[in-house]
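Undergrad: quick one: sequence plus predicted model below, questions after.
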Amino acid sequence: NVNSGELHNLFAFSTSDKMTDNFYIRYYVGHRGMYGHEFLEFEITGDGRFRYANNSKYKNDETILREVTLSPIVVDTVKKIVLDSEILKEDDKDWPLPDKVGKQELEIIFDDQHICFNCTKLGSIIEIQSSRDPEGLTVFYYLVQDLKCFVLSLISAHFKVQPIQK
């Protein structure tokens with residue numbers, strides 16, 4: 001279990017771990033509310049290490065922590081999703097900052113590029129369209145949706161848990 005006082009980024013790889021095969025991706029979305037620190041976080045390294053954490057205290061749910069090694073073809077699929085999104089061309093300087101609603105973080109190391117995006121939790125595409133950078137946020141939003149679907153499929157395929165409680 002994770003203490004409610006702990007910060008996110010449960011996995012905190014060292015820099016040398018992140019640089020394995022020059023690929024690393026970490027996504028975090030979370031907030032602090034009436035049930036404490038609730039979040040979803042995952043990371044994938046170039047050597048196939050996949051870690052997943054989902055912490056929800058709603059109805060006293062336990063933190064779900066999973067780790068598995070992915071095949072090279074699965075890692076290549078994640079790389080393709082990232083490249084096809086063109087997120088590496090974006091900049092978060094005009095994105096809405098994290099606030100009481102929560103925050104999202106996306107860190108990617110890809111070959112010689114290292115980017116870290118940070119913004120508030122995004123509720124809808126309408127919210128994105130009214131932002132100062134609707135094009136960049138749209139790229140971010142759809143990449144995150146694609147990655148979350150992919151990751152939740154991996155969790156469902158490898159473990160007998162429901163990644164999102166119904």
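TA: Perfect, thanks for sending it. Numbering: from 1, shown residues only.
Undergrad: which residue, other than its chain neighbours, is closest to the residue positioned nearest the centre of the chain?
TA: Among the residues of the chain, the one closest to the centroid is Tyr27, at 1.7 Å (Cα atoms, centre = their mean). Spatially, and ignoring its direct neighbours in sequence, Tyr27 is nearest to Leu106 (5.3 Å; Cβ to Cβ, 6 or more residues apart in numbering). C-beta coordinates here come from the backbone N, C-alpha and C atoms, glycine included.
Undergrad: which residues pair with the one you found across the strands?
TA: For Leu106, the beta-bridge partners are Tyr27, Phe117 (DSSP bridges).
Undergrad: quick one: contacts for it?
TA: Counting by Cβ atoms under 8 Å, 6 or more residues apart in numbering, Leu106 touches 25-28, 87, 115-117, 140, 143-144.
Undergrad: would you turn those into TSV with pLDDT and distance to Thr77?
TA: Shown next, in TSV, are the contacts of Leu106 (pLDDT from 0 to 100; distance: Cβ to Cβ, whole Å):
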residue	pLDDT	distance to Thr77
Ile25	98	12
Arg26	98	17
Tyr27	98	16
Tyr28	97	21
Ile87	98	16
Ile115	97	20
Cys116	97	23
Phe117	98	21
Phe140	97	19
Leu143	98	14
Val144	97	16
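Undergrad: ok, back up a step: and the residue nearest to Tyr27, how far is that from Gly36?
TA: Distance, Leu106 to Gly36, by Cβ to Cβ, to the nearest Å: 23 Å.
Undergrad: same question for Gly48.
TA: According to Cβ to Cβ, Gly48 and Gly36 sit 32 Å apart.
Undergrad: surely Thr138 touches Glu127?
TA: No: between Thr138 and Glu127 no contact is recorded; they are 11.0 Å apart, counting by Cβ atoms under 8 Å.
Undergrad: show me which helix runs longest in this structure.
TA: helix 134-158 (DSSP state H).
Undergrad: that helix: which residues count as buried?
TA: Neighbour counts over helix 134-158 (16 or more other Cβ atoms under 10 Å) mark 136-141, 143-144, 147-148, 150-152, 154-155 as buried.
Undergrad: closest to Lys100 out of the residues you listed?
TA: Nearest to Lys100 out of the buried residues of helix 134-158 is Leu137 (Cβ to Cβ; 19.1 Å).
Undergrad: OK, contacts around the closest one?
TA: Applying Cβ under 8 Å, 6+ apart to Leu137 gives the contacts 95, 119, 122, 128, 131.
Undergrad: so which of those residues belong to strands?
TA: When DSSP state E defines the strands, the subset of these inside them is Cys119.
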